[in-house]
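>>> the following comprises the amino acid sequence and a computationally predicted model.
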Amino acid sequence: LLSDFGLVDPFVGLMKSAVLARCPTATLVDLTHDLEPQDVRGAAFWLERCSRWFAPGTVHLAVVDPGVGTSRLGVVLEADQQLYVGPHNGLFDRVIGRARVRRLHLIDVQALGIAQPSATFHGRDVFGPVAGLLASGRLSAQEVGAEMQATPALEGVDPRRQGAGEVVVVDRFGNLITDIECSTEPEQRPSQVRVGGLSLVLNRCYADVAPGELLALVNSFGTIEIAVREGSAAQKLGFGRGVPVTAR
Amino acid sequence: LLSDFGLVDPFVGLMKSAVLARCPTATLVDLTHDLEPQDVRGAAFWLERCSRWFAPGTVHLAVVDPGVGTSRLGVVLEADQQLYVGPHNGLFDRVIGRARVRRLHLIDVQALGIAQPSATFHGRDVFGPVAGLLASGRLSAQEVGAEMQATPALEGVDPRRQGAGEVVVVDRFGNLITDIECSTEPEQRPSQVRVGGLSLVLNRCYADVAPGELLALVNSFGTIEIAVREGSAAQKLGFGRGVPVTAR
Amino acid sequence: LLSDFGLVDPFVGLMKSAVLARCPTATLVDLTHDLEPQDVRGAAFWLERCSRWFAPGTVHLAVVDPGVGTSRLGVVLEADQQLYVGPHNGLFDRVIGRARVRRLHLIDVQALGIAQPSATFHGRDVFGPVAGLLASGRLSAQEVGAEMQATPALEGVDPRRQGAGEVVVVDRFGNLITDIECSTEPEQRPSQVRVGGLSLVLNRCYADVAPGELLALVNSFGTIEIAVREGSAAQKLGFGRGVPVTAR
């Protein structure tokens, strides 16, 4: 489960209730619900980076949905043996761009017998119920609705950027996480990272520098990250999401 | 589960442990634990609004308990085939006011053999254990303790207000959620909403107005809400909980 | 589960996925993930105080790990019929100091066949997998790796302080929680608590004083706490972690 619902209100709990009503034995894992409101780009990044750590057959329920109530499409994506349920607004673009095998199905609310959904909370009224039915095995992705072309909803997102990219997430530690992917081979890694006029040497872990010092490293998600040991790079540099970064 | 314990400290985890010790197969769903400290009114609103999305037989464990350690009563409420466990301090008043069938039972700590509870954490020491016993089926509501009159603990809360009410919750998006209930029939809905000298037309969903603009709508909980598309109404208007709102 | 990962990023979800991949039937309970970043001392306090509320056989997965990627040790601690998995950096010192029976085992990543872990996220790559294997029963603590001496990693932490101690945690309500342990016998309790020039009488519960007033009490974890009824002691006094407190 991933959303921008936050944990201050009961939205996540109600979405879970909708899943559990259709699949009482489901094991629910929260990826995060505290994305910045409407941060489709950050959500798309985490979905693509995290899905590899989940088992084949996992159903990802992802709702960052500023267009709820409009004609934006609700979909189920099959990609490399996992399913993704949510709005087709860019959320799944990185998964689509990366997947070897992918099929996209439009959710046909009426054919599925979903009672009149509200205009503002499809996590509870549409996507949660569909995810529950899929998880229970009582519904397959093909039965959800018509297949459509599995292309990104937005333009310009390339999940395989290597030399240049941007800060896509500022994490709770103030680390600046970029979408610049890195080889797992040490000798093929860039040695220098540039951000806002600064040039940083690529290190291995936070403890490679003294507390309070800036560093760049390849994080545990395989992308370049700019950090301050035991501190906040976001605060020290004053940089946030969208700042361009290059590596070479 | 619903409380004002927050997620920064281990209070919720300990309450869950108390439930699971009595009912290891329980499926636990968090509604929210980040209510404003001591916000009994907001808790009461969410409990009444959310319970319809949970299955018959659900046990609601709700702890917002500024009077813990005093003589305030601990109770189990049966209301329309669901159970509610927590302090009788107003938390259940909206559920009581709404329920077709309701019975209220005082928790008799000594008869239940609950070891000396602490003076400050009845979520872990009383309400969690009782909820676990109820969920396991080893204890029925009638066995909890003496039945008392199922009347609200506080005065003046009417869960069926229609023309006038107030902001009861400011959600994480800054939406101002009121307790003014709305008909599901479009033709019986009010057309105008008034708050602090402003008059707003009732819309259907956030995307009905331009980003940054104010709107009123009937939210997915069936009450009137004042919002800013992709922004915060609370911030834009400077209004919070308790502000009066009218609709006609 | 206890960490300083926060809930804003998907770190906790990925750690859970690593546990569930090895033990799909595990029941996961979050103690907290919102400790201050790198707050090993607060984590150590909560672990020791909370473990008594969990059943024998519980596996505690605790990751506050500023030294990740360095040569700091990863361990499994057996203490009084519960297991603790995480870095040996002080996190388990209070449990070690308190336990009647304790054995400490070094995690031998290579012998366990754990694929090349990342340099920055051992919660997902080492500790989560080990906790899952232990919870599933497919691995015992003895099989994790060589036994080492079960001594604290840091100096100077005594989990049994009685007359003097310090504020170790500021909870979400602004209560100042100290590590000064108190007898459960009322007549053996101190009557006066001193903090920063103030002298407070020991009360029983928050409601013993008027709203807004300062008090000291023995909290539900058996230590002395300084609080403001329906308010924040941290804000009222301007005190935080590390402030010395005495009781007599």
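On my side now, so go ahead.

>>> ok, stretch A:40-53 near chain B or not?
No: Stretch A:40-53 is not in contact with chain B by C-beta under 8 Å from any C-beta of the partner chain; minimum separation 11.5 Å. To be clear about C-beta, it is placed using only N, CA and C from the backbone, and glycine gets the same treatment.

>>> where does chain A dip in pLDDT?
A:157, A:159-161 (pLDDT under 70).

>>> what does it put close to chain B?
A:5-10, A:12-14, A:16-18, A:20-21, A:24, A:37-38, A:66-70, A:118-121, A:124-125.

>>> same thing but 6 Å
Residues of chain A found near chain B (C-beta under 6 Å from any C-beta of the partner chain) are A:6-10, A:13-14, A:16-17, A:37-38, A:66-67, A:69-70, A:118-121.

>>> what about whichever residue of chain A sits closest to chain C, how many residues close to it?
Closest residue of chain A to chain C, C-beta to the nearest C-beta: residue A:205 (2.7 Å). By other C-beta atoms under 10 Å in any protein chain shown, 20 other residues sit near residue A:205.

>>> which ones are touching residue A:1?
Each residue near residue A:1 by C-beta atoms under 6 Å, 6 or more residues apart in numbering or on different chains is listed here: A:30, A:61.

>>> try it again at 10 Å.
The neighbourhood of residue A:1, defined by C-beta atoms under 10 Å, 6 or more residues apart in numbering or on different chains, consists of A:12, A:15-16, A:19, A:28-33, A:59-63, A:123, A:128, A:131, C:13.

>>> looking at the residues you listed, which are in helices?
Taking DSSP state H as the definition of helices, the contacts of residue A:1 contribute A:12, A:15-16, A:19, A:128, A:131, C:13.

>>> between these, which is nearest chain B?
Nearest to chain B, judged by C-beta to the nearest C-beta, of the ones in helices among the contacts of residue A:1 is residue A:16 at 5.1 Å.

>>> my guess is the closest one contacts residue A:28. True?
Yes: counting by C-beta atoms under 10 Å, residue A:28 is a contact partner of residue A:16 at 5.7 Å.

>>> between the two, what contacts are shared?
The contact sets of residue A:16 and residue A:28 overlap at A:1, A:61, B:27, B:29 (C-beta under 10 Å, 6+ apart).

>>> mind listing what residue A:19 touches?
A:1, A:26, A:28, A:59, A:61, A:85, A:123-124, A:127-136, B:29.

>>> could you flag which of those are buried?
For the contacts of residue A:19, a neighbour count by 16 or more other C-beta atoms under 10 Å in any protein chain shown gives the buried set as A:1, A:26, A:28, A:59, A:61, A:85, A:123-124, A:127-135, B:29.

>>> which of the ones in helices among the contacts of residue A:1 sit farthest apart?
Within the ones in helices among the contacts of residue A:1, A:128 and C:13 form the most distant pair, 17.3 Å apart (C-beta to C-beta).

>>> now the two most distant members of the shared contacts of residue A:16 and residue A:28.
Taking C-beta to C-beta, the two most distant members of the shared contacts of residue A:16 and residue A:28 are A:61 and B:27; they sit 16.4 Å apart.

>>> what's the residue in chain A positioned nearest to chain B in contact with, if anything?
Here chain A gets closest to chain B at one residue, residue A:69, 2.7 Å apart by C-beta to the nearest C-beta. By C-beta under 10 Å, 6+ apart, the contact set of residue A:69 is A:117-122, B:203-208, B:217, B:220.

>>> with secondary structure added, can I get the residues you listed in TSV?
Shown next, in TSV, are the contacts of residue A:69 (DSSP: H, G, I helix; E, B strand; the rest coil):
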residue	secondary structure
A:117	coil
A:118	coil
A:119	coil
A:120	coil
A:121	coil
A:122	helix
B:203	strand
B:204	coil
B:205	coil
B:206	helix
B:207	helix
B:208	helix
B:217	strand
B:220	coil
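
>>> for PyMOL, write the selection for the buried entries among those residues.
In PyMOL, a selection of the buried entries from these looks like this (16+ other C-beta under 10 Å):
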select buried, (chain A and resi 117+118+119+120+121+122) or (chain B and resi 203+205+206+207+208+217+220)
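
>>> may I see the contacts of residue A:69 organised as TSV, with distance to residue C:198 added?
Listed next are the contacts of residue A:69 as TSV, based on distance: C-beta to C-beta, whole Å:
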residue	distance to residue C:198
A:117	57
A:118	52
A:119	55
A:120	50
A:121	49
A:122	53
B:203	54
B:204	57
B:205	54
B:206	50
B:207	55
B:208	56
B:217	51
B:220	49
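
>>> list just the nearest of the contacts of residue A:69 to residue A:97.
Taking C-beta to C-beta as the measure, residue A:97 lies nearest residue A:122 of these, at 24.2 Å.

>>> which residues does the residue of chain A positioned farthest from its centre contact?
Largest separation from the mean C-alpha position in chain A: residue A:210, at 31.9 Å (C-alpha atoms, centre = their mean). Neighbour list for residue A:210: A:229-230 [criterion: C-beta under 10 Å, 6+ apart].

>>> which element is it on?
Under the assignment given by DSSP states H and E, residue A:210 is not contained in any helix or strand.

>>> how far does stretch A:105-117 sit from the chain's center?
Stretch A:105-117 sits 24 Å away from the centroid of its parent chain (C-alpha atoms, centre = their mean, to the nearest Å).

>>> likewise stretch A:30-40?
Between the centre of stretch A:30-40 and the centre of its chain there are 9 Å (C-alpha atoms, centre = their mean).

>>> residues of it that come out buried?
By 16+ other C-beta under 10 Å, the buried positions in stretch A:30-40 come out as A:30-35, A:37-40.

>>> kindly report the same for stretch A:134-146.
Applying 16+ other C-beta under 10 Å to stretch A:134-146 flags A:134-135, A:139, A:141, A:144-145 as buried.

>>> who are the neighbours in contact with the residue nearest to residue A:108 when sequence neighbours are not counted?
Spatially, and ignoring its direct neighbours in sequence, residue A:108 is nearest to residue A:145 (3.3 Å; C-beta to C-beta, 6 or more residues apart in numbering or on different chains). Residues in contact with residue A:145, defined by C-beta under 10 Å, 6+ apart, are A:73-76, A:105-112, A:130.

>>> torsion angles phi and psi at residue A:145?
Reported as degrees, to the nearest 10, the phi and psi values for residue A:145 are phi 160, psi -180.

>>> the strands in chain A, which residues?
Assigned by DSSP state E, the strands in chain A fall at A:2-3, A:59-63, A:74-79, A:82-87, A:102-106, A:147-148, A:164-170, A:176-181, A:192-195, A:198-203, A:214-218, A:223-228, A:244-247.

>>> who wins for proximity to residue C:183 among those strands?
Nearest of those to residue C:183, taken as C-beta to C-beta: strand A:223-228 at 44.6 Å.

>>> let me know the angle separating the closest one from strand A:214-218.
Angle of strand A:223-228 versus strand A:214-218, following axes from the mean of the first three to the mean of the last three C-alpha atoms, to 10 degrees, is 160 degrees.

>>> is strand A:223-228 positioned near chain C?
Yes: Strand A:223-228 is in contact with chain C by C-beta under 10 Å from any C-beta of the partner chain, via A:225, A:227.

>>> give me the helices and strands touching that strand, please.
strand A:164-170, strand A:176-181, strand A:192-195, strand A:198-203, strand A:214-218, helix A:233-237, strand A:244-247 (3 or more C-beta pairs under 10 Å, 6 or more residues apart in numbering or on different chains; DSSP states H and E).

>>> for that strand, the distance to its chain's centre please.
Distance of strand A:223-228 from its chain centroid, counting by C-alpha atoms, centre = their mean, is 18 Å.

>>> between strand A:176-181 and that strand, find me the angle.
Counting by the same axes, to 10 degrees, strand A:223-228 points 160 degrees away from the direction of strand A:176-181.

>>> mind putting the helices and strands packed on strand A:223-228 into JSON lines with distance to chain C?
Compiled in JSON lines, these are given as follows (distance: least, C-beta to the nearest C-beta, whole Å):
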{"stretch": "strand A:164-170", "distance to chain C": "7"}
{"stretch": "strand A:176-181", "distance to chain C": "9"}
{"stretch": "strand A:192-195", "distance to chain C": "16"}
{"stretch": "strand A:198-203", "distance to chain C": "9"}
{"stretch": "strand A:214-218", "distance to chain C": "7"}
{"stretch": "helix A:233-237", "distance to chain C": "12"}
{"stretch": "strand A:244-247", "distance to chain C": "17"}
